[in-house]
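Chemist: Take this sequence and fold it.
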Amino acid sequence: DHQLETGRTSFEKEAFLGEESVFRIADIACPPGQRARGRIVAGWLDDGSPVEVPLLVLHGMRPGPVFWLGAALHGIEIVGAEIIRRVVWEDVDPTDLAGTIVGAPIQNPLAFLDHRYNTPRDGLNINRFFPGNPKGSISEQLAYALYTEGIAKSDIVVDIHANTAPAHPFAILRTGSDPVYARARTLASAYGLTILESAPKPLSSGEKHLAGLLMDAALHDGKPAVTLEYECWTIDDRWVQAGTVGTLNALKRFEMLPGEEQPVPFVTKIAESLAVQVALRASAGGVMHHLTPPGTRVAVGEPVARIVDLYGDERELFRSPVDGYVMCFPRYLNQTAATGDEVVYIAPLQSGQTVARPGVTA
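Modeler: Sure thing, here's the model as predicted:
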């Protein structure tokens with residue numbers, strides 16, 4: 001079920017081909033200096049076929065950390081899959097690598113195949129159920145298999161997501177006194193993105209308070225972890241390049257690759273300290289008009305978007321409840337909204353006014 005691709009040298013590999021140097025994960029056994037591919041079987045479909053999470057492994061010639069690079073927990077957020085392909089298959093020579101990179105380009109194959117944000121079978125957002133439940137619904141069992149067979153065997157975790165365009169790319173960072181949070185900050189800053197900070201969230205099933213994120217489960221287990229947000233639906237080469245360079249920088253920071261870090265292209269970083277974004281929801285319905293582009297600083301009460309009905313009449317005007325920055329304008333398919341839809345995400349300044357409702361991320 002897996003294939004191997006050799007690295008560029010052979011004499012170094014021969015010195016490391018002892019059984020203790022083989023990296024094992026799921027159905028993969030990868031010797032040093034080689035690439036491998038395989039899968040995690042996370043469940044079974046109605047016709048008896050497996051639910052497979054594909055894995056790409058790059059095992060270095062020298063000891064080092066295991067770096068988990070995952071994408072597409074939500075099926076429309078596919079840009080990370082191309083970032084992973086370029087890093088694992090093209091840009092890193094295994095003879096230069098200390099440690100191991102494990103790429104999981106499609107972490108939720110069910111949502112990916114159905115082009116959905118949530119898992120279609122149970123309608124759940126899998127990124128609220130980590131570290132999973134082996135006796136739960138398909139999303140919970142998928143999260144459990146992904147975590148126990150994959151992420152638990154890693155030392156560093158990057159989870160790549162994407163907001164609907166237009167969006168300002170950012171990284172989500174948890175803060176705390178434990179050294180793992182300092183290492184997570186080192187990881188996040190390698191990507192050159194605007195950083196949104198918040199306290200760690202609890203591990204539990206359900207949507208309340210954004211509990212159960214993959215990132216939080218990893219941090220709970222002592223692994224530095226971050227969530228990255230680019231733009232979804234398409235593989236935009238701007239964000240592929242930004243994510244690839246950021247990942248190479250992160251590998252260098254953790255001494256897994258030699259060389260100097262490179263500037264991250266196409267990224268504009270907001271230097272101010274921001275909290276995790278808040279969401280504004282629609283009361284009316286109609287066509288959305290965006291009044292300020294993502295990445296723009298706004299003050300409390302400043303108009304950021306409006307809803308216009310099909311007759312051209314304004315139905316609702318959205319004003320920022322905080323001093324902060326517009327991050328993106330979430331949408332479901334068309335640039336329209338119905339009652340209850342999230343329509344604007346705004347990241348508050350850490351020192352600014354806050355609102356009672358929880359933020360929405362990942």
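Chemist: residues in contact with the helix ranked longest in the chain?
Modeler: In the chain, ranked by residue count with DSSP state H as the criterion, the top helix is helix 237-253. Helix 237-253 is contacted from outside by 67, 69, 79-80, 82-83, 86-87, 91-92, 97, 101, 156, 158, 160, 162, 169, 186-187, 190-193, 228, 230-231, 257-267, using CB atoms under 8 Å, 6 or more residues apart in numbering. (C-beta placed from N, C-alpha, C; glycine too.)
Chemist: can you count the residues close to E302?
Modeler: By other CB atoms under 10 Å, 16 other residues sit near E302.
Chemist: mind listing what it touches?
Modeler: Contacts of E302 by CB under 8 Å, 6+ apart are T292, R319, S320.
Chemist: Against R331, how distant is it?
Modeler: Going from E302 to R331 by CB to CB, to the nearest Å gives 21 Å.
Chemist: what do you get for S154?
Modeler: Applying CB to CB to S154 and R331 gives a distance of 33 Å.
Chemist: Show me where the stretch 51-200 of the chain has its strands.
Modeler: 62-71, 98-104, 156-163, 170-174, 194-198 (DSSP state E, counting those that start in this stretch).
Chemist: Any chance of those strands in CSV with mean pLDDT, distance to A279 and mean neighbour count as columns?
Modeler: Below are the strands of the stretch 51-200 of the chain laid out as CSV (pLDDT from 0 to 100; distance: least, CB to CB, whole Å; neighbours: other CB atoms under 10 Å):
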stretch, mean pLDDT, distance to A279, mean neighbour count
strand 62-71, 97, 23, 22
strand 98-104, 98, 28, 24
strand 156-163, 97, 11, 26
strand 170-174, 96, 14, 25
strand 194-198, 95, 13, 21
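Chemist: For V308, which of those is the nearest?
Modeler: strand 156-163 (22.6 Å; CB to CB).
Chemist: still on that earlier bit, go through the contacts of E302 and single out the one with the most neighbours.
Modeler: S320 (25 neighbours).
Chemist: who touches that one in this structure?
Modeler: V298, A299, V300, G301, E302, V304, V326, I346 are the contacts of S320 under CB under 8 Å, 6+ apart.
Chemist: Name the nearest of those residues relative to V180.
Modeler: Using CB to CB, the contacts of S320 come closest to V180 at I346, 28.7 Å.
Chemist: Can you report how many residues neighbour the closest residue to the closest one other than its chain neighbours?
Modeler: Nearest residue to I346, sequence neighbours excluded (CB to CB, 6 or more residues apart in numbering): G324, at 5.1 Å. Per other CB under 10 Å, the neighbour tally for G324 reads 28.
Chemist: Test my guess that G324 contacts L349.
Modeler: Yes: using CB atoms under 8 Å, G324 is in contact with L349, at 5.3 Å.
Chemist: thinking again about what came up before, ChimeraX command to pick out the buried ones of the contacts of helix 237-253?
Modeler: Applying 16 or more other CB atoms under 10 Å to these leaves a buried subset, and the ChimeraX line that selects it is:
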select :67,69,79,80,82,83,86,87,92,97,101,156,158,160,162,169,187,190,191,192,193,228,230,231,257,261,264,267
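Chemist: circling back to that earlier point, among the contacts of E302, which lie within strands?
Modeler: R319 (DSSP state E).
Chemist: ok, of the contacts of E302, which one's closest to R62?
Modeler: Distances from R62 to the contacts of E302, taken by CB to CB, are shortest for T292, at 48.8 Å.
Chemist: still on that earlier bit, now the common contact residues for G324 and L349.
Modeler: L274, A275.
Chemist: who's in contact with P94?
Modeler: G7, R8, P32, G33, Q34, R35, L58, H59, G60, M61.
Chemist: Dump the residues you listed to JSON lines, plus neighbour count and pLDDT.
Modeler: Formatted as JSON lines, those follow (neighbours: other CB atoms under 10 Å; pLDDT from 0 to 100):
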{"residue": "G7", "neighbour count": "21", "pLDDT": "38"}
{"residue": "R8", "neighbour count": "11", "pLDDT": "33"}
{"residue": "P32", "neighbour count": "24", "pLDDT": "96"}
{"residue": "G33", "neighbour count": "27", "pLDDT": "96"}
{"residue": "Q34", "neighbour count": "20", "pLDDT": "96"}
{"residue": "R35", "neighbour count": "19", "pLDDT": "97"}
{"residue": "L58", "neighbour count": "26", "pLDDT": "98"}
{"residue": "H59", "neighbour count": "28", "pLDDT": "98"}
{"residue": "G60", "neighbour count": "26", "pLDDT": "97"}
{"residue": "M61", "neighbour count": "21", "pLDDT": "95"}
